[in-house]
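Student: fold the following.
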Amino acid sequence: MSGLIAASLEGYDAQSTIEFAVAASCLKHSVEGDFNMVSMDEVLKLAGGDGSGRVQR
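Tutor: Okay, here's the model as predicted:
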């Protein structure tokens with residue numbers, strides 16, 4: 001939900017908002033605890049990736 005809110009506040013279009021929210025959600029699963037400790041750049045990099053699904057940090 002936080003990815004959806006963040007993308008909406010940034011003014012992304014509908015498709016970019018969903019892609020950002022999904023990428024943020026995927027990255028959150030790699031972080032222990034309740035708070036998503038990834039940066040906007042990390043989310044954007046995954047959202048705009050090559051489709052391999054690989055997370056690179």
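Student: what residue lies at the spatial centre of the protein?
Tutor: A24 (2.5 Å; C-alpha atoms, centre = their mean).
Student: I'd assumed V22 was in contact with G3.
Tutor: Yes - if you go by C-beta atoms under 8 Å, G3 and V22 touch, sitting 7.4 Å apart. From N, CA and C alone the C-beta is placed, and that goes for glycine too.
Student: which one is the residue nearest to the centre of the chain nearest to, not counting chain neighbours?
Tutor: Computed as C-beta to C-beta, 6 or more residues apart in numbering, the closest residue to A24 that is not its neighbour in sequence is G3, at 2.9 Å.
Student: torsion angles phi and psi at that neighbour?
Tutor: Dihedral pair for G3: phi -60, psi -40, per degrees, to the nearest 10.
Student: what distance do you get for it to E10?
Tutor: Per C-beta to C-beta, to the nearest Å, G3 is found 11 Å from E10.
Student: quick one, which of these two is more surrounded?
Tutor: Neighbour tally, G3 and E10, criterion other C-beta atoms under 10 Å: the higher count belongs to G3, 24 against 11.
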